[in-house]
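A.B. asks: Coordinates only, no sequence provided:
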C-alpha cells in the first residue's frame, strides 16, 4: 500500500462515531503491513505528468488518486481498486479489480 492509502484510512477514522476504536484498528492494520510505499522525487514527477495529462484531457480523478497512482507506477506495482474505470484514464498504470480476486 502507499502512504496516501494509510492517510485515507486515518481520515476515515475521524468520520466514525468511535474515533479511538477506528484509530486502534487502523494502527493495527498498518503495523501488520510488510511495506508502505512513500512519495519520493520520482513519484512527484510521475504525479505531475499524470495530473497534467488528465487535466489536458478533461478527465480529472482527484489529487489523492493521482498521488496513489504515481507511487504505483514509479514502483512498478499493481493498483487494486473497485473503481477500474476511474483509474483506466491513467497511462502506464497496472490496475486490477479487487472484486475479482
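C.D. replies: Structure received. What you see is a predicted model; the values in this text were computed from it and never measured. Numbers count the residues shown, from 1 in each chain.
A.B. asks: What is the neighbour count of residue 8?
C.D. replies: For residue 8, the neighbour count with other CB atoms under 10 Å is 14. C-beta: built from backbone N, CA, C; applies to glycine.
A.B. asks: mind checking pLDDT for residue 98?
C.D. replies: Among the per-residue scores, residue 98 holds a pLDDT of 87.
A.B. asks: ok, for it, nearest residue in space, not its chain neighbours?
C.D. replies: Among residues not flanking residue 98 along the chain, residue 80 sits closest, at 4.3 Å (CB to CB, 6 or more residues apart in numbering).
A.B. asks: same question, residue 54
C.D. replies: Nearest non-adjacent residue to residue 54 (CB to CB, 6+ apart): residue 60, at 5.4 Å.
A.B. asks: SS state for the one you found?
C.D. replies: coil (DSSP: H, G, I helix; E, B strand; the rest coil).
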